[in-house]
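K.L.:
Everything below, folded, please.
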Amino acid sequence: MPSIVVYEKNTFSFLKSKLHNLGFRMLSQKEVDTIFKTLDFKEPRNQETDPRKNIPFQFESNYLKITVWTSFHRDTYTTTPGHCAWVIVQLGDVRIWSSPQIRRTKNFLARLIHWVTIMKVFAENRPLCKQCSKRMQKTLDKKGNRKWVCTQIHHHGNSQKVYQSWNYFKQFLDSTEMKFFAEWERQQNRYVKWRKDSGLRVHKIGSTRNSWEVQKRENLVSVV
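P.N.:
Numbering: from 1, shown residues only. Below you'll find the model as predicted:
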């Protein structure tokens with residue numbers, strides 16, 4: 001297994017500059033505290049450090065909110081023990097997609113920036129319905145695969161739902177990000193094939209990992 005690297009303050013400064021150039025802003029401690037208080041998050045397991053000290057950055061486009069949980073600690077600006085980085089896409093307060101865990105190994109920064117860039121392109125190119133031009137919503141097909149859907153059938157000439165591929169955004173990736181994402185997809189496909197060939201259950205991403213629980217679900221924000 002690759003060695004975990006502890007990144008120092010100068011690395012955080014570099015990451016902060018890259019994220020600012022991509023249009024992300026760093027959330028204040030007050031904003032993070034408000035998120036945790038409003039939704040009353042319950043952590044899935046004991047954390048080695050206070051998760052509220054994890055420095056996040058955020059970007060919004062087409063009512064989609066991208067949050068980068070960097071795993072850097074606000075007091076020291078160094079990476080925190082036991083935490084991975086994540087890039088999460090939300091519609092309101094509901095997560096609709098996320099990167100895999102980004103472990104702090106040798107190529108941590110490069111992989112994190114790749115995922116940030118990909119998720120930004122994803123948000124900026126949220127598809128519009130071909131029939132009514134309304135923003136499409138996330139749905140799952142019978143196999144549990146993500147798709148975009150528009151359910152505004154009264155605006156559709158054939159009164160049918162309109163679907164779009166979840167990977168609609170890929171056509172807008174540059175060659176570097178396309179290569180990175182394609183390699184990640186190949187790795188995922190190889191892993192799924194190996195589990196099937198081994199007679200093992202194929203889990204959906206996140207189905208075996210405990211998630212943060214929202215205690216105050218009445219405070220969830222719903223947007224279109």
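
K.L.:
Burial check on residue 123, number of neighbours?
P.N.:
Residue 123 has 21 neighbours, counted by other Cβ atoms under 10 Å. C-beta here means a position set from N, CA and C on the backbone, and glycine is covered the same way.

K.L.:
repeat for the one 4 residues further on
P.N.:
Neighbour count of residue 127, defined by other Cβ under 10 Å: 16.

K.L.:
so it touches residue 136, yeah?
P.N.:
Yes - when contacts are counted by Cβ atoms under 8 Å, residue 127 is listed as touching residue 136 (5.0 Å).

K.L.:
Quick check: which ranges of the protein have low pLDDT?
P.N.:
Along the chain, the parts satisfying pLDDT under 70 run over 1-3, 39-51, 81-82, 203-224.

K.L.:
Show me it divided up by domain.
P.N.:
Per the record, the chain has its domains at 1-124+211-224, 127-168, by automatic domain parsing.

K.L.:
closest to residue 180 out of those domains?
P.N.:
Proximity to residue 180 (Cβ to Cβ) singles out domain 1-124+211-224 among the domains of the chain, at 4.7 Å.

K.L.:
Name the next helix or strand following the strand ranked longest in the chain along the chain.
P.N.:
In the chain, assigned by DSSP state E, the strand with the most residues is strand 64-73. Sequence order places strand 86-91 as the next helix or strand after strand 64-73, per DSSP states H and E.

K.L.:
Give me the residues contacting that next one.
P.N.:
Residues from elsewhere that reach strand 86-91, judged by Cβ atoms under 8 Å, 6 or more residues apart in numbering: 63-69, 95-99, 101-102, 112, 115-116, 119, 122-123, 137-138, 223.

K.L.:
Could you give the separation of that strand from the chain centroid?
P.N.:
3 Å (Cα atoms, centre = their mean, to the nearest Å).

K.L.:
now swap in stretch 78-90 and tell me
P.N.:
Per Cα atoms, centre = their mean, the centroid offset for stretch 78-90 relative to its chain is 11 Å.

K.L.:
what ranges do the strands span in the protein?
P.N.:
Going by DSSP E, the chain shows strands at 25-26, 41-42, 54-61, 64-73, 86-91, 94-98, 137-140, 146-150, 162-165, 213-214.

K.L.:
out of these, deepest packed?
P.N.:
strand 64-73 (a mean of 23; mean count of other Cβ atoms under 10 Å).
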